[in-house]
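Enquirer: quick one: sequence and predicted model below, then my questions.
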Amino acid sequence: MTRKSFPSHATGGELRDLEQPGYYGGFSTVSQKKSWEQATRNVVTDRIEKVPPIRFFSQDDAALLGAVIDRVMPQDDRSVERMIPILPVLDERLFKNSISGFRYEDMPSDQEAYQLGLKAIEEMARERFREPFVNLTVHRQELILKSIHDGQPDPANAVWEKMPIHRFWAMLMEDCVTAYYSHPWAWDEIGFGGPAYPRGYMRLENGLPEPWEKDEQRYEWNAPVDSLSQLEEQDAPPEHQSLHGHGGSH
Amino acid sequence: MPHRLGPMQILPSPMKKFAADECVDYCIVGVGSAGGVLIQRLARAGLRVVGLEAGPFWDTEKDWVSDEKGSHELYWNDLRITGGTHPLALGANNSGKGVGGGSVHWAAFAPRFHPSDFRVYTEDGVGADWPISYWDLKPYYELLEREIPVAGPAWFPWGDPHGHPYGPHPLGGVGDVLVRGCTKLGIRSVAGGPVAILSASHGDRPHCIYRGFCLQGCKVGAKASTLITHVPDAITHGAEIRAHSMASRISLREDGRVDGVVYFDREGKEHFQRARAVIVSGYAIETPRLLLNSACPGHRHGLANSSGTLGKYLMAQAGNVVAGRFEELIRLYKAPPAHALSEEFYETDPRRGFARGFAVQTVGPLPVAFAKQMTAAMGAWGWGMRRVMMDYNHWATLGVLGEILPWEDNRVELADEKDQHGLPVAKVTFNLHDNDKKLIEFGKNKVMEIMWAAGAKQVVQESRFAHLVGAVRMGSDPSMSVVDKFGRTHDIPNLFVCDGSILPTQGSANPGLTIQALAARTADYLIQQGDATFFSNRRDLTEPGIRYDLSPPYTRFKGNPRIA
Ligand SMILES: Cc1cc2nc3c(=O)[nH]c(=O)nc-3n(C[C@H](O)[C@H](O)[C@H](O)COP(=O)(O)OP(=O)(O)OC[C@H]3O[C@@H](n4cnc5c(N)ncnc54)[C@H](O)[C@@H]3O)c2cc1C
Ligand code: SF4
């Protein structure tokens, strides 16, 4: 599904192809699935094995959104067979019109918001670089997306006058991180222990691993040095209070 | 297969089924935090009760998973509209749908309100006073702490100091950070509770296994939800709970009394449940929505709305999350998210320049929730998101829980949009006022200071809100409130409201324990009033006296420890 853009469109150095990025080499949550109970095992295994087909987006929109997702949730460091499906998960949500219980009064429905957002991104690409978004270099794609991230679309587009740009961005990011970080391969990457019923956790303090977890082994970061999506120290966006669909905490 | 409520607990069967045209004593709309306690008490007292619940009757083994994304169905996902200067995120951020309601996905922090919370107007000249005092509710706090039960420190020093019937939990990495940061700054903190999570097994419920999935529903049965604490006892005593039953309208008779509830079943078929009295316990959004949707001749602006305050004075609490990155590993996903707190800043301090205060609490976002917080707190995206998430195990998160005052312009109304049954959905409007903004600014900075003091190398924060209450507030003045101190509407003698929506203010304690304590008290009142509720228009405002004999099993011989 996901297009590999490095090194062919690289703007930076070459990336190593990793079966499992992150600092927990050899850690596998799925290898523990025999100690999970049935309902959880089914849900997590289905996520790996049953990737839903594209039903909501047209072929063109799917290609465009796929290219956007490759930049906002890049996976170029992952080996091809270890790519985490994001577009199909988002497509399924919109196809089923599964919402998170509310809509901001200044936003259209989630389905319409995506359609409008994609239209704007494509128009911005053509206006600024005279090419469809999917054909742009990674750097140019990032320029467009960064301007949306910053809330200062360059070039301006009529869509953003009707739809609050930060809300669209928040929804896009939340959909992407939900698909990515709910996947067990992402849990392996970040060292999250995953489901733990009925076994539970017993080493609560000092960040110690359970016997089946791995300790951290840090190494040099494997990401393009000149990507525009690298963290900047003072990068907190202006405050927009509650985000699109964030969960509760306490 | 039996209907399971945990590894050791099974739903009693068969459940009583009332005939379609049978008139029951009480019809309760919504079996959540409040509804679950009410229905149990009324059934034990021998009353004929039906609970209508819009969501499913959870089988915890089949329906719940140890997985963030897979738990989406626990929440109220139907459409609501949100607006105002500071629009509230709803859905997963606020309310549940299904037997147990919000107690299914709460973090289970269970602090009491402080005595000052009941006298905010008298003491600070802002907000409102409650029509009852802390001391009226205190015996119910103690009783519910034994029923659900609450684990925590032997000595809880703030408000009315008290101890807890179950011992405190071991600390996780985030709790360590809270206690360390607070201690460095000379701020008192407590560890291991108060939380409605078992530190030792209780009846047919095992103790916590520290797996950190509390917000996804506790499959273990260690965390209290009314689904497992009160509903089984209600069923044993002859209550009927009808799941997938969405109340659409409360019906009013010509004599000005209600006579039942119209509802839709799973297939969208309409039914009418006749009842001698109705109690609405549908949460601070759905309760006012149902009353507004029940407008009829004589009640043009919503049922029981002669005061014009129905839907108004909605409150949330400030719930800013402060995240700190540490050199060492924390692994914040272990242990219940709720396990340590400080209420050192709870009360008004005139030197701070605003009224009321806030609490500091541990939170424990799992990877998806944490990544969303990083979108907001750091503007993370692309490779930046991947990088910050690779350090997930180095972060600790603390929450501000700040009091936001009741304001008339914060409200629930009906929107133009309709739901799948053709009913207008709720529109929620939320604006922050000057006092709220000052309080949030101070609270956020204080918690960031604690995080730095604990040794964080980087500290960021995200603004958010939690815990909607109010909008159908109680009071002694019928022109300023919707219900009296027992939850009876001022306008209709056999219509009651009992849930978080009746709170006049909400302090900076999580509201769940208070909501359940109020429900037990209302139940005692209804039972003591007997048939008078059904026939008489006389409003008796004497306290009913607490009924210790109506608790669910395993409550007796548990005690609240002596502390002085
Ligand atoms: C993520 C999260 C964490 C939380 N953590 C804590 C915490 O640590 N401590 C704490 O004290 N509180 C916490 N809370 C808040 C707590 O869950 C709520 O305050 C509490 O559950 C509200 O109780 P209630 O009785 O008012 O409503 P609910 O418990 O929400 O119950 C309402 C019920 O009514 C049903 N209903 C609504 N309308 C209808 C209708 N028309 N017909 C039929 N049924 C209907 C709903 O489906 C629901 O089951 C948390 C909340 C969230 C979202
Ligand atoms: S941490 Fe404890 S209370 Fe929370 S879900 Fe796990 S077992 Fe239940």
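Expert: Yep, it's here. Ligands and ions are numbered 1, 2, ... in the order given.
Enquirer: after the lengthiest strand in chain B comes which helix or strand?
Expert: When chain B is parsed with DSSP state E, its longest strand is strand B:270-280. Stepping forward along the backbone from strand B:270-280, the first helix or strand reached (DSSP states H and E) is helix B:283-293.
Enquirer: output the contacting helices and strands for that following helix.
Expert: strand B:246-252, strand B:270-280, strand B:411-418, strand B:424-429, strand B:465-470 (3 or more CB pairs under 8 Å, 6 or more residues apart in numbering or on different chains; DSSP states H and E). Using the backbone N, CA and C atoms, a C-beta is placed for each residue, glycine as well.
Enquirer: just these: most buried one?
Expert: Between the helices and strands packed on helix B:283-293, the one whose residues have the most neighbours on average, counting mean count of other CB atoms under 10 Å in any protein chain shown, is strand B:465-470 (a mean of 26).
Enquirer: ok, back up a step: what's the angle from the longest strand of chain B to helix B:283-293?
Expert: Regarding strand B:270-280 and helix B:283-293, their directions subtend 120 degrees when assessed with axes from the mean of the first three to the mean of the last three CA atoms, to 10 degrees.
Enquirer: OK, contacts around B:A224?
Expert: B:A224 makes contacts with B:S103, B:A108, B:I148, B:P149, B:A196, B:I197, B:L198, as judged by CB atoms under 8 Å, 6 or more residues apart in numbering or on different chains.
Enquirer: per-residue confidence at it?
Expert: According to the predicted model, the pLDDT of B:A224 comes to 98.
Enquirer: and A:T11, by the same measure?
Expert: Predicted confidence (pLDDT) for A:T11: 46.
Enquirer: next one: A:S5
Expert: The per-residue pLDDT of A:S5 was computed as 53.
Enquirer: in chain A, which helix is the longest?
Expert: Counting by DSSP state H, the longest helix found in chain A is helix A:110-129.
Enquirer: can you list the residues that contact that helix?
Expert: With contacts defined as CB under 8 Å, 6+ apart, helix A:110-129 is touched by A:56-57, A:61, A:64-65, A:68, A:93-94, A:97, A:99, A:103, A:107-108, A:131-133, A:136, A:140-141, A:143-145, A:147-148, A:153-155, A:157-160, A:162-163, A:167-168, A:171-172.
Enquirer: what distance do you get for the residue lying farthest from the centre of chain B to A:F27?
Expert: No residue in chain B has its C-alpha farther from the mean C-alpha position than B:W383, which lies at 38.0 Å (CA atoms, centre = their mean). If you measure B:W383 against A:F27 using CB to CB, to the nearest Å, the figure is 22 Å.
Enquirer: I figured A:L172 hits A:V72, correct?
Expert: Yes. Between A:L172 and A:V72 there is a contact at 6.4 Å, judged by CB atoms under 8 Å.
Enquirer: more neighbours: which of the two?
Expert: Applying other CB atoms under 10 Å in any protein chain shown to A:L172 and A:V72 shows that A:L172 carries more neighbours, namely 26 against 22.
Enquirer: the more buried one: what's it in contact with?
Expert: For A:L172, the contacting residues are A:V68, A:V72, A:G117, by CB under 8 Å, 6+ apart.
Enquirer: and with 7 Å instead?
Expert: Neighbour list for A:L172: A:V72 [criterion: CB atoms under 7 Å, 6 or more residues apart in numbering or on different chains].
Enquirer: picking up where we left off before, what about the residue farthest from the centre of chain B, which SS state?
Expert: Three states are possible here, and by DSSP: H, G, I helix; E, B strand; the rest coil the one that applies to B:W383 is helix.
Enquirer: for it, what are its contacts?
Expert: B:W383 is in contact with A:P74, A:A223, A:P224, A:S227, A:S229, A:Q230, counting by CB under 7 Å, 6+ apart.
Enquirer: how close does it get to A:Y219?
Expert: Distance from B:W383 to A:Y219, counting by CB to CB: 16 Å.
Enquirer: okay, the residue nearest the centre of chain A and B:A380: tell me how far apart.
Expert: Centre of chain A computed as the mean C-alpha position; nearest residue by CA atoms, centre = their mean is A:C176, 3.1 Å away. In this structure, A:C176 and B:A380 are 11 Å apart, going by CB to CB.
Enquirer: B:V104 too?
Expert: Distance of B:V104 to B:A380, computed by CB to CB: 30 Å.
Enquirer: likewise B:F534?
Expert: Computed as CB to CB, the B:F534 to B:A380 distance reads 59 Å.
Enquirer: quick one, which of those two is more surrounded?
Expert: It is B:A380, of B:F534 and B:A380, that has more neighbours when counted by other CB under 10 Å, with 28 against 15.
Enquirer: where does the more buried one fall, phi/psi-wise?
Expert: When read as degrees, to the nearest 10, the backbone of B:A380 gives phi -70, psi 140.
Enquirer: can you count the residues close to B:L401?
Expert: 30.
Enquirer: tell me the residue of the stretch 51-200 of chain B that sits nearest chain A?
Expert: Shortest the stretch 51-200 of chain B-to-chain A distance, computed as CB to the nearest CB: residue-wise this is B:G91, at 2.5 Å.
Enquirer: and the pLDDT for that residue?
Expert: According to the prediction, B:G91 has pLDDT 87.
Enquirer: which residues of the chain score low on pLDDT?
Expert: Just so you know, I chose chain A. A:1-14, A:233-248 (pLDDT under 70).
Enquirer: my bad, the chain I had in mind was chain B
Expert: Scanning chain B for pLDDT under 70 picks out the ranges B:564.
Enquirer: if we can go back for a sec, now do the buried residues in the helix or strand following the longest helix of chain A.
Expert: For helix A:110-129, the following helix or strand on the C-terminal side (DSSP H and E) is helix A:138-149. By neighbour count on 16 or more other CB atoms under 10 Å in any protein chain shown, the buried set for helix A:138-149 is A:V138, A:R140, A:Q141, A:E142, A:L143, A:I144, A:L145, A:K146, A:S147, A:I148, A:H149.
Enquirer: so which bits of the stretch 251-400 of chain B are right by ligand 2?
Expert: By CB under 6 Å from any ligand atom, the residues of the stretch 251-400 of chain B that approach ligand 2 are B:P336.
Enquirer: if we go to 8 Å?
Expert: Those residues of the stretch 251-400 of chain B that sit near ligand 2, judged by CB under 8 Å from any ligand atom, are B:A335, B:P336, B:P337.
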